[in-house]
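Peer 1: coordinates for the following, if possible.
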Amino acid sequence: MSFEGAKSLFGFGHCRPLLSPYIDGELDARRRGAVEEHLDGCAACRAECEELRRASALASSLRLPDAAPAAFPLRLKRQAPSASAPPAWGRRPVLASAAALLLVALAAGAWYYARGPRGAWEVKRLAGSPTLGERRLEEAGRMRVGEWLETDRFSRALISVGAIGQVEVDASTRVGLSEARPSEHRLTLARGRVRAAITAPPRLFFIETPSAVAVDYGCAYTLEVDEAGAGLLHVTAGWVGLVLDGRESLVPAGAMCRSKPGAGPGTPFLEDASEALREALDAFDFRGGGDQALGVVLAEARPKDSLTLWHLLSRTKGDARARVFGRLAALVPPPEGVTCEAAPRVEEGPMLRWRERIELASVGADYASAPAAPGKVVSAGLMREARFAHAATALAGGQVLITGGLERMESPLASAELYDPASGAFTPVGTMSARRIGHTATLLADGRVLITGGSDDTFYTGALPSAELYDPSTRAFTPAPDMQAARLAHRATLLPDGRVLITGGQDEAGRKLSSAEIYNPAANAFTPIGDMNSPRSDHAATLLADGRVLITGGAAGGQPGEGPVASAELYDPARGAFVPTGSMHAVRYKHSATLLPDGRVIVIGGSDARMWAGRFATAEVYDPATGLFTPTGSMTTARYKIRDAVVPLEGGRVLVAGGGPRVEIYDPATGLFGLVEGDLGETRFYSTATPLPGGRVLIAGGYLAGNRATMYADRSAWIYEP
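Peer 2: Numbering: from 1, shown residues only. Predicted structure coming up:
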């Protein structure tokens, strides 16, 4: 495009202001085409576009402050929870499920932090006449560090928090910008109300008030401050920490928390808690209500209010603490071994299981309705390397080949190792021809393993067209021809005739693919076979008993996780065609699907939206005879990033090992999920579960939810013993 053409379309000679929405997939077809044409002929914009794509590498070097000097202008002490000890509720899969989903922001959107000018944020007028500094805000402007934005009772405004989120400023509000750096985004709310929606790793965004500092952990929330400086936090997604002078409250979605000058944050409570409980809790926290107020709280508490009582355990002593423990134990009975003296500091063994029960109760679930499942989980030692988003393949001889993955926010791995169930040992077994994360590994009929695609980029972007073969007889990897398209987050399904169906994924630019191809081992070649009915990435593909392949859900939009779909379709190898079938009851991506003994397919978990929102505990069953999906029992824990962590067991049951600290099993005879004895210590994402001889299952790796700022993988492995 010529300079004049660009100037006419964009209003300037370069397309730099459109690069971020272009990379995000937010432009319409006309503007996207114009940007692409301009990039072909403009080296400066092309270089900046590539820099934006690579800027995610900055995230790995961010130093997030636990504390910092006094903030402008209220001179509040800057505080954040310790990075070395993530708060207990933040690590849990139910109450903090939305927070755990922000980890994808590191994997697929961390480059956001580097975008935009330093020291100034964009502000738009939404209504009335807000003032920015000493000037009236007409339509839009830039808010610089040290400036205040004020709205009267007729005006509202919208602040873009760098490139990690937005803050809507309500009427009669005064808010100042006190820090605007890639590693720290900080506002000061003197009075009024703001609504924040943030997509970022934890402890990058703060709002200071006269009574507490709101510490963002990837969430959406409303924060109000009255004329006396008292605050009210209401979290609608994710979770938020309220801290001041060493006092800390951790507030999950669906909960609220008050704060008062001189006292700091109070105790969180659910938004549907009784008025009597709220009033008594306010008296206990801020007005010296003592034993009388505590008695009302305990009397009013429901099982759902166990969140509030859990916080009160650490805010009471002596007899008062014993009363809180007794009431909490009556509402949610603890496992044997839990004591008042240990709670809530101990976070392992019986205490971990009690906290899990409390989580279920707090979201209205009946923990007692989840039946116990047969078998138990025991340690299998350590892999040679820590890995997540790796692949694990059961070989013909009973060993498990583990390939690639990512250890932390560094380079993906090319290494591989073997697990031998006879010896229980992990052994290095050579190196792939490429570093890979998010690839597929498929056991062929002749015993070799086909490895396809993935990404060699740290932040799960880009895609590889390359493929290779592992031969167990030589323990060597050899290159195979490239696929017809570069693919990441695709699926590979072994067909009854020995060929492999490759579907969807995303390409080097992050575009979701509808294309599919077939690998023929006899010819050692990939051949295109046409398109699916919808683009799909992070979908599921399941071989049916009749040889067709059921393809469900996935993301279809421009950004990672954008535009998840509920649709499903069938690949018919006899016709070489994709045919629509019934839709699921929920949009899902990063879910899993497994064939049941009667020919039906159970679809499990997943998420319905990008970043933090909408993880599912639900499941549904597809019947090939009718083409319809039917809801079945729900898991005890919402789970996603489980594509390789769900396996069928002997006898028809299905084991689910990812997305939570406990393993559970689905029984198609009852339609219920049951918890297995033992736990994995932490919630794990992108782990693998692989069947072993004798009905056992190897569970390996994954990144830990507690390490949300760095996404450290774990070397631990476990065995499910039936």
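Peer 1: shouldn't Val324 be within a helix?
Peer 2: Yes: judged by DSSP: H, G, I helix; E, B strand; the rest coil, Val324 forms part of a helix.
Peer 1: can you tell me the closest non-neighbouring residue to it?
Peer 2: Among residues not flanking Val324 along the chain, Leu312 sits closest, at 4.8 Å (CB to CB, 6 or more residues apart in numbering). Just so you know, the C-beta spots here come from the backbone N, C-alpha and C atoms, and that holds for glycine as well.
Peer 1: just the helices from the chain, written as ranges.
Peer 2: 3-10, 19-24, 29-41, 43-54, 97-101, 103-109, 275-286, 290-300, 306-313, 318-331, 350-362 (DSSP state H).
Peer 1: quick one: contacts for the residue nearest to Val324?
Peer 2: 267, 294, 297, 324 (CB atoms under 8 Å, 6 or more residues apart in numbering).
Peer 1: can you tell me which of these is nearest Met143?
Peer 2: Relative to Met143, the closest of those is Thr267; by CB to CB it sits at 34.1 Å.
Peer 1: residues near the closest residue to that closest one other than its chain neighbours, how many?
Peer 2: Nearest non-adjacent residue to Thr267, counting by CB to CB, 6+ apart: His311, 5.0 Å away. Other residues within reach of His311, judged by other CB atoms under 10 Å, total 24.
Peer 1: one more: Ser423?
Peer 2: Every residue meeting other CB under 10 Å relative to Ser423 is counted, giving 9.
Peer 1: which phi and psi does it have?
Peer 2: When read as degrees, to the nearest 10, the backbone of Ser423 gives phi -100, psi -20.
Peer 1: mind checking pLDDT for it?
Peer 2: At Ser423, the model reports a pLDDT of 93.
Peer 1: any idea how far it is from Ala391?
Peer 2: Computed as CB to CB, to the nearest Å, the Ser423 to Ala391 distance reads 22 Å.
Peer 1: same check, this time on Glu122
Peer 2: 42 Å.
Peer 1: ok, these two, which is more surrounded?
Peer 2: Ala391 (26 against 17).
Peer 1: burial count for the nearest residue to that one once chain neighbours are set aside?
Peer 2: Distance criterion CB to CB, 6+ apart; nearest residue to Ala391, sequence neighbours excluded, is Ala441 at 3.8 Å. Number of residues near Ala441 (other CB under 10 Å) recorded here: 25.
Peer 1: partner residues bridging Ala441?
Peer 2: Beta bridges link Ala441 to Ile451, judged by DSSP bridges.
Peer 1: how near is it to Glu385?
Peer 2: 16 Å.
Peer 1: cool, and Gly266?
Peer 2: For Gly266, the distance to Glu385 - CB to CB - is 45 Å.
Peer 1: between those two, tell me which one has more neighbours.
Peer 2: Gly266 (27 against 19).
Peer 1: does that one touch Gly289 like I think?
Peer 2: No: counting by CB atoms under 8 Å, Gly289 is not a contact partner of Gly266; they are 11.5 Å apart.
Peer 1: once you drop chain neighbours, what's closest to Pro472?
Peer 2: Leu395 is the one closest to Pro472 (CB to CB, 6+ apart), at 5.4 Å.
Peer 1: how close does that neighbour sit to Leu250?
Peer 2: Where Leu250 is concerned, Leu395 sits at a distance of 45 Å (CB to CB).
Peer 1: neighbour count winner among the two?
Peer 2: A direct count of neighbours by other CB under 10 Å for Leu395 and Leu250 places Leu250 higher, at 28 against 17.
Peer 1: mind pulling up the pLDDT for Ala120?
Peer 2: In this prediction Ala120 is given a pLDDT of 86.
Peer 1: I'd say it and Arg142 touch.
Peer 2: Yes: in terms of CB under 8 Å, Ala120 counts as a neighbour of Arg142; the distance is 4.4 Å.
Peer 1: quick check: Arg548 vs Arg193, distance?
Peer 2: With CB to CB as the criterion, Arg548 and Arg193 are 54 Å apart.
Peer 1: quick one: contacts for the residue nearest to Gly606 when sequence neighbours are not counted?
Peer 2: Nearest non-adjacent residue to Gly606, counting by CB to CB, 6+ apart: His591, 2.8 Å away. By CB under 8 Å, 6+ apart, the residues touching His591 are 540, 552-553, 603-607, 616, 640, 642-643.
Peer 1: what does Arg302 give?
Peer 2: Contacts of Arg302 (CB under 8 Å, 6+ apart): Leu331.
Peer 1: tally of neighbours for the residue lying closest to Leu649 once chain neighbours are set aside?
Peer 2: Once flanking residues are discounted, Leu649 sits nearest to Leu655: 5.5 Å by CB to CB, 6+ apart. When neighbours are defined as other CB under 10 Å, Leu655 has 25 of them.
Peer 1: going forward, begin numbering at 450 instead of 1
Peer 2: Fine by me, first position is 450 from now on; the one you just mentioned is Leu1104.
Peer 1: bridging residues for Leu1104?
Peer 2: Val1096, Ile1114.
Peer 1: same question for Arg593.
Peer 2: Ala569.
Peer 1: Val624 against Gly641, yeah?
Peer 2: Yes: here Val624 reaches Gly641: they are 7.1 Å apart, a contact under CB under 8 Å.
Peer 1: so for those two, which sits in the more crowded spot?
Peer 2: Val624 (27 against 19).
Peer 1: distance of that one relative to Val643?
Peer 2: 6 Å.
Peer 1: between these two, which contacts overlap?
Peer 2: What both Val624 and Val643 touch, as defined by CB under 8 Å, 6+ apart, is the set 616, 618, 636.
Peer 1: between those residues, which is nearest Glu599?
Peer 2: Val618 (8.9 Å).
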